[in-house]
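show me the folded form of this:
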Amino acid sequence: MKILIFYASYGGGHINAAKSINEYLKNNYKSIDVELIDCMKYVNKTIEKMTTKAYNGMAKKVPWAWGRIYSDSQKGPLAHITSRSNKILAIKLLKLLREKNPDLIISTHPFGSQMCSYLKRKKKISAKIATIMTDFAPHDQWLVGSDFTDYYFVAHDKMKKYLIKKGISKQKVFATGIPLSSRFLQPHDKEKILKELNLKPEKKTILFFGGGEFGLGKTRTVEIFESFVSYCTDMQIIAIAGKNEKMKTAFEKIVSKYNRKDSVIVFEYTSQVPEFMSVSDLVVTKPGGLTTTESLASNLPMIVINPIPGQEEEN
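The predicted structure follows:
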């Protein structure tokens, strides 16, 4: 059996969900051939770069505008343009699908689902199509081409009811939660991890996410981080700036300002989030679908900051 997993580089959640599914299938079904592909980068690298840059810049600098686009893309002219453009791009994706000849296509971004459902409607492909919705609130762009999508996997029962209300057969919708890495469910040696971090097991630990690669809401995030560093002096903090050098530098200056190098650690991008969550008592983060799911799976209370208007506000 051949499976293709499509994602798109608009926020880390779509990518991480795709990676988690890929990890699970490869670890548990050795006879299955699985491949992970950025579908937007494949169909047009120029458009992919332009659109991801536009999304990141708009969400960072004018989040209210992104919120308006997010809302309008469910209906009206913008929804029509989006659907039309994906039909055009789908023709290029067809070359890949004919080459790989998958039995099942799993998509963690609506663009992938839209392109594949269009090709299936035109009888260009016959593969089963599964859509993984990676937020806690539905958006109608996920449902474009639903007549030719075979399965929907959603975060909770309320979303399942919404899809059924939209006319999608209940036999096609499964409330499974958002996919996450199995590492969040494995036991971790807390004492060993804290020792490696030079942190104290008797102190409460805060895990602070700075907003990731694009530093969305950077100024406000830095202000909030400074509040935690200056007021929560009896707690230790693990701060993750992601792929954002400016935010990492801002965090480090605050740590030095309050002389807290012994109890506040700042990281860039890290693959150790499961381990860090296992030793934490509280998570401070933007409400992305994946981070929220990971925090819930780790039984951690959350303080939500700086939601982007649109999907994060709805989450």
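
three-state assignment of Ile5?
What DSSP: H, G, I helix; E, B strand; the rest coil gives for Ile5 is strand.

surely Asp147 meets Tyr118?
No - under the criterion of C-beta atoms under 8 Å, Asp147 is not in contact with Tyr118, lying 11.0 Å apart. In short, each C-beta sits where N, CA and C put it, glycine included.

more neighbours: which of these two?
With neighbours defined as other C-beta atoms under 10 Å, Asp147 and Tyr118 compare such that Tyr118 has more, 23 against 11.

the more buried one: which element?
Assigned by DSSP states H and E, Tyr118 belongs to helix 110-121.

identify each buried residue in the helix or strand just after that helix, please.
Per DSSP H and E, the first helix or strand lying C-terminal to helix 110-121 is strand 128-132. The neighbour-count check on strand 128-132 (16 or more other C-beta atoms under 10 Å) flags Lys128, Ile129, Ala130, Thr131, Ile132 as buried.

how much space between the closest residue to Trp142 other than its chain neighbours and Ala297?
Computed as C-beta to C-beta, 6 or more residues apart in numbering, the closest residue to Trp142 that is not its neighbour in sequence is Pro110, at 4.7 Å. For Pro110, the distance to Ala297 (C-beta to C-beta, to the nearest Å) stands at 24 Å.

the more surrounded of the two?
Using other C-beta under 10 Å, the more surrounded residue of Pro110 and Ala297 is Pro110, with 24 against 16.

all helices of the stretch 151-300 of the chain, in order?
Shown for the stretch 151-300 of the chain, the helices assigned by DSSP state H, counting those that start in this stretch span residues 157-165, 190-196, 218-231, 245-257, 273-278, 289-297.

distance of the closest residue to Asp150 other than its chain neighbours from Tyr151?
Distances taken as C-beta to C-beta, 6+ apart put Lys128 closest to Asp150, at 4.6 Å, once the chain neighbours are dropped. Lys128 sits 7 Å away from Tyr151, going by C-beta to C-beta.

including mean pLDDT and distance to Asn28, could the helices of the stretch 151-300 of the chain go into JSON lines?
Output for these, formatted as JSON lines (pLDDT from 0 to 100; distance: least, C-beta to C-beta, whole Å):
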{"stretch": "helix 157-165", "mean pLDDT": "94", "distance to Asn28": "25"}
{"stretch": "helix 190-196", "mean pLDDT": "94", "distance to Asn28": "26"}
{"stretch": "helix 218-231", "mean pLDDT": "91", "distance to Asn28": "38"}
{"stretch": "helix 245-257", "mean pLDDT": "92", "distance to Asn28": "36"}
{"stretch": "helix 273-278", "mean pLDDT": "96", "distance to Asn28": "18"}
{"stretch": "helix 289-297", "mean pLDDT": "89", "distance to Asn28": "18"}
